[in-house]
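Student: Structure, please.
(one chain, ligands or ions: 1)
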Amino acid sequence: MDIFSHSLYGGAAFGRKNRKSFWTAFFIGMSPDLLSFGVFWTTGILGLHQIPIFRNGHPDPAMFPSYLQSLYNVTHSLFVFLAVFLIVWLIRRKPFWELGAWGLHIIVDIPSHSYQFFPTPFLWPFSNFKVSSISWSDPRIFIPNVIILIIIYSFWFWRWKINKKEKRYEK
Ligand SMILES: [Zn+2]
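Tutor: Sure thing, here's the model as predicted:
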């Protein structure tokens, strides 16, 4: 899925406590792509390498360096996510729920990537198994995705309005 949809899903699922929690989950939601493709685009913009051009769909994955695939494996593995989640839980002695936005990112990516362009290595490093689905940029995925996000956020906004009204009456 695209980076902003990931953030919006992460924020809605794991950042409902307060504003700080929302923005934390929002940024964690986009971090698997920021720490892989984000690094690659930044070094490209800085002129350290050529940037592959998106013309007629995705560029050939062979145009991307192998370190990008390595970063993608680490940030898109459910095992790495679970290990980090448990370690953070142990250190803090309580779960850091906003980290769940990372796990959700991987789960949302599995059915929204095809073999043609970075299918999700969710079982890395134990298995190379990947699912080939329809890419998120295809209207069959992208339009329902936007509709789902509008429904989620409209519902959330409506609930927030009602809560605010109720609080005013309680005073
Ligand atoms: Zn991703």
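Student: For the longest helix out of those in the chain, what is the distance to the chain centroid?
Tutor: Counting by DSSP state H, the longest helix found in the chain is helix 139-170. A distance of 20 Å separates the centroid of the chain from that of helix 139-170, by Cα atoms, centre = their mean, to the nearest Å.
Student: what comes up buried for that helix?
Tutor: I141, F142, N145 (16 or more other Cβ atoms under 10 Å). All C-beta spots, glycine's among them, are computed from the backbone N, C-alpha and C.
Student: Just name the closest of those residues to I51, please.
Tutor: F142 (22.9 Å; Cβ to Cβ).
Student: For S135, see how far away that closest one is.
Tutor: In this structure, F142 and S135 are 9 Å apart, going by Cβ to Cβ, to the nearest Å.
Student: Over to V84?
Tutor: Using Cβ to Cβ, V84 is found at 27 Å from S135.
Student: Between these two, which is the more surrounded one?
Tutor: Neighbours were tallied for V84 and for S135 using other Cβ atoms under 10 Å; the higher tally belongs to S135 (20 against 14).
Student: Show me which residues of the chain are close to the ion?
Tutor: Applying Cβ under 5 Å from the ion, we find that the chain lies next to the ion at P32, D33, D109.
Student: List the contacts of the second one.
Tutor: Contact partners of D33, counting by Cβ atoms under 8 Å, 6 or more residues apart in numbering, are I3, H6, T75, H105.
Student: Just the C-alphas of stretch 142-157, formatted as PDB.
Tutor: Taking Å, rounded to 0.1, in the frame of the first residue of the first chain, the C-alpha atoms of stretch 142-157 are listed here in PDB:
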ATOM      1  CA  PHE A 142      -6.600   1.800  -4.600                       C
ATOM      2  CA  ILE A 143     -10.300   3.000  -4.900                       C
ATOM      3  CA  PRO A 144     -11.700   0.600  -2.200                       C
ATOM      4  CA  ASN A 145      -8.700   1.600   0.000                       C
ATOM      5  CA  VAL A 146      -9.600   5.300  -0.200                       C
ATOM      6  CA  ILE A 147     -13.300   4.500   0.500                       C
ATOM      7  CA  ILE A 148     -12.400   2.400   3.500                       C
ATOM      8  CA  LEU A 149     -10.100   5.200   4.900                       C
ATOM      9  CA  ILE A 150     -12.900   7.800   4.400                       C
ATOM     10  CA  ILE A 151     -15.400   5.600   6.200                       C
ATOM     11  CA  ILE A 152     -13.000   4.900   9.100                       C
ATOM     12  CA  TYR A 153     -12.000   8.600   9.600                       C
ATOM     13  CA  SER A 154     -15.600   9.800   9.100                       C
ATOM     14  CA  PHE A 155     -16.800   7.400  11.800                       C
ATOM     15  CA  TRP A 156     -13.900   8.400  14.100                       C
ATOM     16  CA  PHE A 157     -14.700  12.200  13.600                       C
END
